[in-house]
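Novice: have a look; sequence and predicted model below, questions after that.
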Amino acid sequence: MNGSVFCERLDNDLVLGVLFYADATSAYLAARRRADLDVGAVRYVDLVARPLDACRAVLEFCRLPASLAQLAATALDRDAHRNTAFAAAPPAKSVSERAKEPPLTAEMRARLDELLTKHELAPIGEPNVVDGTLRCAE
């Protein structure tokens with residue numbers, strides 16, 4: 001990691017998100033390098049695409065029985081607020097449903113790729129599996 005991620009010019013709407021991502025990923029990698037804490041990451045896309053396999057990987061990492069994987073995967077589909085006042089409210093679109101793909105010009109992409117590379121992360125569109133990412137069984 002080359003210095004603080006927050007010493008950058010916010011010259012487009014996506015820079016701040018890239019900086020937050022770079023900071024969180026750097027903190028995770030630093031914890032792994034210190035080796036004083038055994039940490040692992042799970043990619044959100046793996047969790048959504050293959051919840052049962054992702055839950056098995058997490059349980060294995062935590063040295064817990066794999067027999068709990070189905071229960072864990074089922075829990076991911078449950079509404080954590082089902083017995084609260086929030087559950088009675090009419091369903092609203094989630095943030096991800098309301099979000100639109102941001103405009104990304106070639107200039108913006110080049111700037112974001114420059115930041116990602118500077119912070120030792122993969123450029124936009126390239127696979128970014130950082131050290132210690134738990135892998136689902138194939």
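Specialist: Looks like it came in fine. Numbers count the residues shown, from 1 in each chain.
Novice: just checking, what packs against the helix ranked longest in the chain?
Specialist: In the chain, assigned by DSSP state H, the helix with the most residues is helix 15-34. In terms of contacts (3 or more Cβ pairs under 8 Å, 6 or more residues apart in numbering; DSSP states H and E), helix 15-34 is packed against helix 106-118. (Glycine included, C-beta is placed from N, CA and C.)
Novice: so who does Arg111 touch?
Specialist: Counting by Cβ atoms under 8 Å, 6 or more residues apart in numbering, Arg111 touches Asp11, Asn12, Val15.
Novice: what about Ala22, how many residues nearby?
Specialist: Neighbour count for Ala22, taken as other Cβ atoms under 10 Å: 21.
Novice: and stretch 54-67, what's buried?
Specialist: In terms of neighbour count (16 or more other Cβ atoms under 10 Å), stretch 54-67 has its buried residues at Ala54, Cys55, Arg56, Ala57, Val58, Leu59.
Novice: out of those residues, who's nearest Thr133?
Specialist: Taking Cβ to Cβ as the measure, Thr133 lies nearest Ala57 of those, at 9.5 Å.
Novice: got any ranges where this protein has weak pLDDT?
Specialist: Where the chain drops to pLDDT under 70, the residues are 1-8, 79-81, 86-99, 137-138.
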